[in-house]
Structure formats: C-alpha cells, structure tokens
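*Asks:* My questions concern the predicted model and sequence given below.
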Amino acid sequence: MYRKKPGIVTESLDGCVYIFDLDNDLTHDLNEVAAEIWELINEKSIEEIINVLVDKYDVDSSVIKNDVYNFVNNAVGAGILIDDSQPR
C-alpha cells in the first residue's frame, strides 16, 4: 500500500496539478493521469486505481498498468509517496 508523504501540498492552477514537497523545496507537476493517480493513492490499491483508469480511458489496460507503476515508482523515488510494504 502506498500513501502520500506527510507535509506534501497539492495545488491545481490553470488546469495543471502541482505537488510541493516543502521539506525538500521541490515542485512536481502532474499530467492528467498522474493527477488522478495522486488523488486516488490514499483511498485505493494500485489494482483498484488501474481498474478506475481502464474504465475511464479508451486505452489498453497494459498501457494504464505501465503508467500507474511508472508514476508510483517515480513518486516513491522522489520521496513524495511512501511504500508501506517496505521496512523502514
């Protein structure tokens, strides 16, 4: 299970979504799909997020699955998502 790092601020501006990591003074901008993943990450499992996006977009499920896992891995690497399945 994944969750957003505490202290992260999310803002929408002119149709774009920005994540502000105040601890590290970093800003991340999200495309439409990444923004949806970000909004769902605390509420749903990865598989549930994939299913929501597959139902919404007319794209092969393997593409959505790849996009979701890429986003999650990049967000964990950037320190804005926490992987609760990993020992601390």
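*Replies:* Thanks, I have the structure now.

*Asks:* Only C-alpha atoms from now on, for both contacts and neighbour counts.
*Replies:* Noted.

*Asks:* Extract the residue ranges of the chain that are flagged as low pLDDT.
*Replies:* Counting by pLDDT under 70, the chain shows low-confidence ranges at 87-88.

*Asks:* so what does the top helix by length along the chain touch, helix or strand wise?
*Replies:* In the chain, with assignment by DSSP state H, the single longest helix is helix 61-78. With contacts defined as 3 or more Cα pairs under 8 Å, 6 or more residues apart in numbering; DSSP states H and E, helix 61-78 has these neighbours: helix 32-40, helix 46-56, strand 81-83.

*Asks:* Now that helix: buried residues?
*Replies:* Residues of helix 61-78 classed as buried: 64-65, 67-68, 71-72, 75-76 (neighbour count, 16 or more other Cα atoms under 10 Å).

*Asks:* so how far is stretch 7-17 from its chain's centroid?
*Replies:* Its chain's C-alpha centre and that of stretch 7-17 lie 13 Å apart, by Cα atoms, centre = their mean, to the nearest Å.

*Asks:* State the distance from D60 to I49.
*Replies:* Distance, D60 to I49, by Cα to Cα, to the nearest Å: 15 Å.

*Asks:* Between these two, tell me which one has more neighbours.
*Replies:* Taking other Cα atoms under 10 Å, D60 and I49 do not tie; I49 has more neighbours (21 against 9).

*Asks:* Now for G15, how many residues are close by?
*Replies:* Using other Cα under 10 Å: G15 sits among 8 other residues.

*Asks:* again but with D58, I slipped
*Replies:* With other Cα under 10 Å as criterion, D58 counts 9.

*Asks:* Correct me if wrong, but it is in a helix.
*Replies:* No - D58: not assigned to a helix; according to DSSP: H, G, I helix; E, B strand; the rest coil it is coil.

*Asks:* Tell me who's in contact with it.
*Replies:* D58 sits next to no residue when contact means Cα atoms under 8 Å, 6 or more residues apart in numbering.

*Asks:* and if you look at K4?
*Replies:* With Cα under 8 Å, 6+ apart, K4 has these contacts: 41-42, 80-82.
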